[in-house]
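Trainee: sequence first, then the predicted structure, then my questions.
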Amino acid sequence: MLRKNLFILIILSVFLSQSAYCDDSQKDVLIKSILTKFSDYNITINDTPRGIVTSFPENVIFENNSIKLSCCGELILSQIGQILNSIENSCTIEGHSSRFKGLEAFEASIMKADVVGQYLITQNPNLQNRIFTVGLSDFEPIEATENNNRIDIVFFAYELMR
């Protein structure tokens with residue numbers, strides 16, 4: 001019980017010590033930059049308490065039914081790297097997969113997120129401590145349909161480091 005309470009206190013102190021990292025004017029600039037760079041793609045942008053969530057359909061980033069980046073995907077990720085180099089915020093790459101079920105969906109979503117994260121870090125080694133990857137399978141659908149295969153890039157509104 002003491003260990004559990006100590007863990008909770010540590011977690012709370014970490015969250016309480018995090019100052020706002022991206023004020024409203026910075027958020028507006030970031031959102032405008034994302035919209036300008038990616039206006040030709042079917043993306044969605046949401047300003048959430050954890051940060052700005054930019055969702056890219058899987059077919060924009062990857063080749064058809066593959067985890068290999070498309071030429072378009074590489075171009076988009078190069079621009080994401082430029083954005084990350086111009087701000088101090090960390091980001092998470094979230095893979096989503098509803099094509100499969102169970103363990104296969106997790107594996108697919110993790111692989112997609114890792115491919116995107118590895119590309120960004122390879123192109124921008126200075127970002128390696130600011131990029132986090134996670135596979136979420138089909139647990140955060142944005143549509144009521146089966147087509148929730150996407151990559152979300154979340155620009156954190158607070159400081160987070162490895």
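Mentor: Sure, I can see it.

Trainee: check contacts around Met111.
Mentor: 67, 95, 135 (Cβ atoms under 8 Å, 6 or more residues apart in numbering). C-beta coordinates here come from the backbone N, C-alpha and C atoms, glycine included.

Trainee: tell me which helix or strand comes right after the helix or strand it falls within.
Mentor: Using DSSP states H and E, Met111 maps to helix 103-123. Going down the chain from helix 103-123, the next helix or strand is strand 131-135, by DSSP H and E.

Trainee: helices of this structure, start to end?
Mentor: For the chain, applying DSSP state H gives helices covering 2-17, 24-37, 58-61, 71-86, 103-123.

Trainee: what mean pLDDT does the shortest one get?
Mentor: To tie it back to what came earlier, the one meant is helix 58-61. When pLDDT is averaged along helix 58-61, the result is 88.

Trainee: what are the contacting residues of that helix?
Mentor: Contacts of helix 58-61 (Cβ under 8 Å, 6+ apart): 41-43, 69-70, 72-73, 76-77, 112, 116, 149-151.

Trainee: one more pass at 7 Å, please.
Mentor: 41-42, 69-70, 72-73, 76, 116, 149-151 (Cβ atoms under 7 Å, 6 or more residues apart in numbering).
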